[in-house]
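A.B. asks: okay, structure incoming, though there's no sequence with it:
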């Protein structure tokens, strides 16, 4: 990942001064004990399965990644001159820690790993994603997900 100091002007100033959105409601809820949680991954790395359609710039939709998808079938369509993909290429768990969650479930640290996980395209304005994320929250509830690991990229 690029350091802010290494990003050329005016991009650095633009990124550093992006406003954070505010919302009228509070979406947080009391979480179960970690050992009782069914956990899903939500990443903004622009990940998808190899045969899915790639993300486009500013996409506000998401891709579903089944929990049994092999690492070799997960690709990244997040492209930016300010984004170093070498970490993902060496270990996909950096942006999609599915193997780590499986190990935690095997060790009893979490109750279970969700059957499905999700990826958005990073760098999309949050206001443009709100309706989609509310829909995804309902989808995750139906899968019994009680906790999500959010991986911002």
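C.D. replies: Okay, I see it. Computed from a predicted structure; not experimentally measured.
A.B. asks: tell me the pLDDT of residue 18.
C.D. replies: Note for residue 18: predicted pLDDT of 79.
A.B. asks: SS state for it?
C.D. replies: coil (DSSP: H, G, I helix; E, B strand; the rest coil).
A.B. asks: and the contacts of stretch 95-110?
C.D. replies: 34-35, 37-39, 41, 43, 45, 47, 65, 67, 69, 71, 74, 76, 87-88, 92-93, 111-113, 117, 119, 147, 149, 151, 153 (Cβ atoms under 8 Å, 6 or more residues apart in numbering). C-beta: built from backbone N, CA, C; applies to glycine.
A.B. asks: at 7 Å what do you get?
C.D. replies: Residues from elsewhere that reach stretch 95-110, judged by Cβ atoms under 7 Å, 6 or more residues apart in numbering: 34-35, 37, 39, 41, 43, 45, 47, 67, 74, 88, 93, 112-113, 117, 149, 151, 153.
A.B. asks: of these, which belong to strands?
C.D. replies: Using DSSP state E, 39, 41, 43, 47, 74, 112-113, 117, 149, 151 are the members of these that sit in strands.
A.B. asks: and the helices in the chain, which stretches?
C.D. replies: 11-16, 86-90, 98-106, 126-142 (DSSP state H).
A.B. asks: residue 111 - how many residues pack around it?
C.D. replies: Here the number of neighbours of residue 111 (other Cβ atoms under 10 Å) works out to 18.
A.B. asks: quick one, what contacts it?
C.D. replies: Residue 111 neighbours (Cβ under 7 Å, 6+ apart): 35-38.
A.B. asks: of those - the most surrounded one?
C.D. replies: residue 37 (22 neighbours).
A.B. asks: pretty sure that residue contacts residue 147?
C.D. replies: Yes: in this structure residue 37 lies within contact range of residue 147 using Cβ atoms under 7 Å: 4.0 Å.
A.B. asks: residue 54 and residue 47, how far apart?
C.D. replies: Per Cβ to Cβ, to the nearest Å, residue 54 is found 10 Å from residue 47.
A.B. asks: sounds good, over and out.
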